[in-house]
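Peer 1: fold the stuff below for me.
(one chain, ligands or ions: 1)
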Amino acid sequence: MNTKVIAGNWKMNNLQADTTATLTQLIPLVADATATVIVCVPYTNLATALQVVKGTNVHVGAQNCHWAEKGAFTGEIAPSMLKEMGVEYVIVGHSERRTYFGETNQTVLARTKAALNAGLKPIVCIGETLEQRNGGTMEQVLTEQIQQGFAEITAEQMANVIVAYEPVWAIGTGVTATNEQANDAIAFCRSVFESMYGSDTAASLCIQYGGSMNDKNAKELLSMPHIDGGLVGGASLVAEKFATIVNAIK
Ligand code: PGA
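Peer 2: All right, here's what the predicted structure looks like:
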């Protein structure tokens with residue numbers, strides 16, 4: 001069985017004092033977790049978060065990184081800059097970045113490659129819109145996101161990759177995919193990865209579910225055979241709620 005991974009995506013929330021307070025509250029609540037616990041915080045909170053979680057089982061991630069090692073990219077952050085700080089994980093290709101910041105499968109691939117080359121573990125997000133699901137193109141969209149977004153990633157590199165299946169219609173809406181919808185979509189994604197990398201890599205790949213996962217629905221979602229963890233937005237901002245999700249895996 002894969003080690004399950006619960007990652008919090010704080011998005012553009014929390015100042016320094018909130019970061020310290022939330023993590024200080026979270027740490028004892030998840031000290032006995034069997035899942036890997038990650039909090040992905042805004043760039044400006046990374047140093048604080050790294051300091052607070054030092055010596056604990058809570059890992060720190062960023063929410064994006066650039067594809068170049070350095071250069072004239074005003075406002076961007078290179079993977080090596082994150083690595084140097086001690087950051088271990090980075091979210092790549094979140095649907096909000098695809099929607100608001102022009103992220104494509106090609107830029108997702110470039111950022112994922114750069115993150116891996118710098119020694120970071122990317123959490124690569126994929127997922128269909130409601131229009132695509134209702135229009136019958138969900139499988140095609142997921143297949144393209146995977147085939148294009150992972151085109152140059154080797155099977156060996158996949159050992160350091162986490163995938164988050166996040167149906168866009170479930171993100172921040174309070175509408176969660178049913179256990180079966182989430183499990184079936186992840187099973188489908190796994191079959192696409194299998195066609196690219198073979199059954200061993202596909203079976204050991206951690207594929208999370210994300211989209212309105214909370215302290216009430218996490219246990220059932222996480223008990224589904226194909227769901228290897230969660231990428232949690234809103235509920236990750238509240239230490240007790242996030243801890244309940246982490247501790248739903250025991
Ligand atoms: P949500 O966000 O849990 O608030 O729906 C999930 C995500 O965007 O990763």
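Peer 1: going forward, measure contacts and count neighbours with C-alpha atoms only.
Peer 2: Fine.
Peer 1: so the residue lying farthest from the centre of the chain, which of the three states?
Peer 2: Centroid-distance maximum for the chain: Ala72 at 27.7 Å, with Cα atoms, centre = their mean. With DSSP: H, G, I helix; E, B strand; the rest coil as the basis, Ala72 sits in coil.
Peer 1: regarding the spatially most central residue of the chain, what is its secondary structure?
Peer 2: Central residue of the chain (Cα atoms, centre = their mean): Ile123, 4.0 Å from the mean position. The local conformation at Ile123, judged by three-state DSSP, is strand.
Peer 1: what separates it from Cys40, distance-wise?
Peer 2: Going from Ile123 to Cys40 by Cα to Cα, to the nearest Å gives 10 Å.
Peer 1: and Ile162, by the same measure?
Peer 2: Ile162 sits 13 Å away from Cys40, going by Cα to Cα.
Peer 1: give me the more crowded residue out of the two.
Peer 2: In this view Ile162 and Cys40 are compared by other Cα atoms under 10 Å, and Cys40 has more residues nearby, 28 against 22.
Peer 1: what residues are bridge-paired with that one?
Peer 2: Beta-bridge pairing of Cys40 under DSSP bridges involves Asn9, Gly61.
Peer 1: isn't it up against Val87?
Peer 2: No: using Cα atoms under 8 Å, Cys40 is not in contact with Val87, being 9.5 Å away.
Peer 1: name the residues contacting each of the two.
Peer 2: Here Cys40 and Val87 share the contacting residues Val60, Gly61, Ala62, scored by Cα atoms under 8 Å, 6 or more residues apart in numbering.
Peer 1: from Val87, how far out is Gln63?
Peer 2: Noted for Gln63: a distance of 11 Å to Val87, by Cα to Cα.
Peer 1: and what of Val41?
Peer 2: Using Cα to Cα, Val41 is found at 10 Å from Val87.
Peer 1: what's the overlap in contacts for the two?
Peer 2: Val60, Gly61, Ala62.
Peer 1: per-residue pLDDT, the last one?
Peer 2: Looking back up the chat, that one is Ala62. We have a pLDDT of 99 for Ala62.
Peer 1: hang on, it packs against Ile91?
Peer 2: Yes: here Ala62 reaches Ile91: they are 6.3 Å apart, a contact under Cα under 8 Å.
Peer 1: give me the more crowded residue out of the two.
Peer 2: Neighbours of Ala62 and Ile91, each counted by other Cα under 10 Å, are more numerous for Ala62; the result is 28 against 25.
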